[in-house]
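Trainee: Below: sequence and its predicted model.
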Amino acid sequence: MVTVENHGRREALKEKLLPPVATIVGRWRADEPLSEEAAKISYDFYMGTRELIHNIRSVFNPVNYGLSVLGTRGLVKVIGIENYNGLADKYEAVNRHIQGLATDFSGYTPEKADNLEQFKKVVDGRKARCLVEAVQGYVSAEPTGGETISLKGLKADIEECCAICESMRGGSKELEIDVMREVVEGIVNPFIEPMENGFKSAAGLVDNFCRRVSEGRIPMRPVSVNNMLKSLKSTSMKVVLRLEDGVPEVMGNESALIGDVFSPILRNAEYATCGMEAPELTITTRTHGGMAVIEFEDNGTGIPPELWERVFEPGFSTKSAVQNGGRIAQGQGLGLLAARREVKEHGGTITANDPRPGNTGAHFVITLPPMEK
């Protein structure tokens, strides 16, 4: 059982023992072999930044789709042209910021490394130190509006996008409210809600990444598994929730679990069911042995048993270039890797399993320890 008190002690101990990152990485000269300790720390920074960029782009899939639909189906007048243009402009600025981060980051590690051994072959002490200092710089830099990459500025822009989405829910003030209420609630809001959730997830991802870099941890509190799962939406498949009453609360970080664990599985299901006549993802919760159990099962193409463990390896993906609702996706093998890391940090497990009888799709099972009350 994970209690608030024990969790606090564990986190305090981890903080106390966490060595100064810059000191460990920075004390190795360029002409010296990279120490194992420095390699592990700099590789963690490398994978963390790489996963952040990938996951932010992934949670923005509903945003790209929503903006496309609202802009091409004559709905701009309903939500208000100023709202639409304001969101499109701000979202473009967010994407420029992310692209700048990706371009800058790739300069420190021009050769992609999918594991620690590959990383040590292409990164020496000097590159490792520069990489760590750059990532710490992204976190500590204040928003300037200039060329400096600031994750604080990125989060502020994402939150502004979220606020614009909220204002779009009410429709355009120029139209009669009685005329447009049905259109807004029935047609427009189903696109705006996933967009807003995408922005919220992205803001949470940035915030958690910054906390990990600066503090070595992310904040945790009691959270409801069922409530988190109710926030998951899809524009391309039906999401069926079978949530058991009485599933225990867990000690966790809501943004991390939704953004790094649940959303990547949902996105994988979207791609796996692309082109199907009735794409569907069923999410089930239950309690087993005192643990909170969450199951995701889609009706897509499935995962062969010999790949059940490999799908969690860095760089491995079952996706080829897949068309989905006008979006092209090429698997990068980072989503499930980040999901397993996050679940492990929460004291749980995630596995790929046999599909239920009568189904052939992918089946993921997550267990999380309950918070002792």
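Mentor: All right, it came through fine. Numbers count the residues shown, from 1 in each chain.
Trainee: From here on, just use CA atoms for contacts and neighbour counts.
Mentor: Will do.
Trainee: Can you report phi and psi for residue 243?
Mentor: Per-residue torsions, residue 243: phi -100, psi 120 (degrees, to the nearest 10).
Trainee: who does the residue lying closest to it once chain neighbours are set aside bridge with?
Mentor: Leaving aside its sequence neighbours, residue 243 sits nearest to residue 285 (CA to CA, 6 or more residues apart in numbering; 4.9 Å). On the basis of DSSP bridges, residue 285 is bridged to residue 243, residue 294.
Trainee: Distance of residue 285 relative to residue 299?
Mentor: Distance, residue 285 to residue 299, by CA to CA, to the nearest Å: 18 Å.
Trainee: Likewise for residue 197?
Mentor: Residue 197 is 24 Å from residue 299, by CA to CA.
Trainee: same check, this time on residue 342
Mentor: For residue 342 relative to residue 299 (CA to CA), the value is 25 Å.
Trainee: What of residue 207?
Mentor: On the measure of CA to CA, residue 207 and residue 299 end up 34 Å apart.
Trainee: Quick check on those two: which one has the bigger neighbour count.
Mentor: Higher neighbour count among residue 207 and residue 299: residue 299, with 21 against 18, using other CA atoms under 10 Å.
Trainee: Next, that one: phi, psi?
Mentor: phi -110, psi 40.
Trainee: ok, now residue 245?
Mentor: phi -70, psi 150.
Trainee: what pLDDT does it get?
Mentor: With respect to pLDDT, residue 245 scores 93.
Trainee: How many neighbouring residues does it have?
Mentor: Count around residue 245 with other CA under 10 Å applied: 10.
Trainee: Would you mind measuring from it to residue 363?
Mentor: Counting by CA to CA - residue 245 and residue 363 are separated by 22 Å.
Trainee: what's the answer for residue 347, then?
Mentor: 21 Å.
Trainee: same thing with residue 129?
Mentor: If you measure residue 129 against residue 363 using CA to CA, the figure is 41 Å.
Trainee: again with residue 115
Mentor: Residue 115 is 26 Å from residue 363, by CA to CA.
Trainee: Looking at the two now, which is surrounded by more residues?
Mentor: Of the pair residue 115 and residue 363, residue 363 is the one with more neighbours under other CA under 10 Å, namely 25 against 13.
Trainee: hey, what's that one bridged with?
Mentor: In beta-bridge terms (that is, DSSP bridges), residue 363 pairs with residue 297.
Trainee: Might one say that it is in contact with residue 298?
Mentor: Yes: because the distance of 6.9 Å satisfies CA atoms under 8 Å, residue 363 is recorded as touching residue 298.
Trainee: care to break this protein down by domain?
Mentor: 14-219, 220-373 (automatic domain parsing).
Trainee: worst average pLDDT in these?
Mentor: Across the domains of the chain, domain 14-219 gives the lowest mean pLDDT, at a mean of 79.
Trainee: Relative to the whole chain's centre, how far out is it?
Mentor: 9 Å (CA atoms, centre = their mean, to the nearest Å).
Trainee: Can you give me the neighbour number for residue 60?
Mentor: By other CA under 10 Å, neighbour count at residue 60 equals 21.
Trainee: Name the nearest residue to it, ignoring sequence neighbours.
Mentor: residue 198 (5.5 Å).
Trainee: go on, residue 242?
Mentor: Leaving aside its chain neighbours, residue 242 sits nearest to residue 284 (4.6 Å; criterion: CA to CA, 6+ apart).
Trainee: Any idea how many residues pack against the one you found?
Mentor: Neighbours around residue 284, by other CA under 10 Å: 18.
Trainee: Verify the contact between it and residue 239 for me.
Mentor: No: using CA under 8 Å, residue 284 is not in contact with residue 239; the gap is 10.7 Å.
Trainee: Could you list the buried residues of stretch 85-96?
Mentor: Within stretch 85-96, the residues scored as buried using 16 or more other CA atoms under 10 Å are 86-88, 90-91, 94-95.
Trainee: likewise stretch 293-311?
Mentor: Those would be 293-303, 308, 310-311, for stretch 293-311 by 16+ other CA under 10 Å.
Trainee: Run through who's touching that stretch.
Mentor: Residues from elsewhere that reach stretch 293-311 (CA atoms under 8 Å, 6 or more residues apart in numbering): 265, 269, 272-274, 276, 279-287, 316-318, 333, 336-337, 351-355, 359-368.
Trainee: And residue 57, how far from residue 96?
Mentor: For residue 57 relative to residue 96 (CA to CA), the value is 12 Å.
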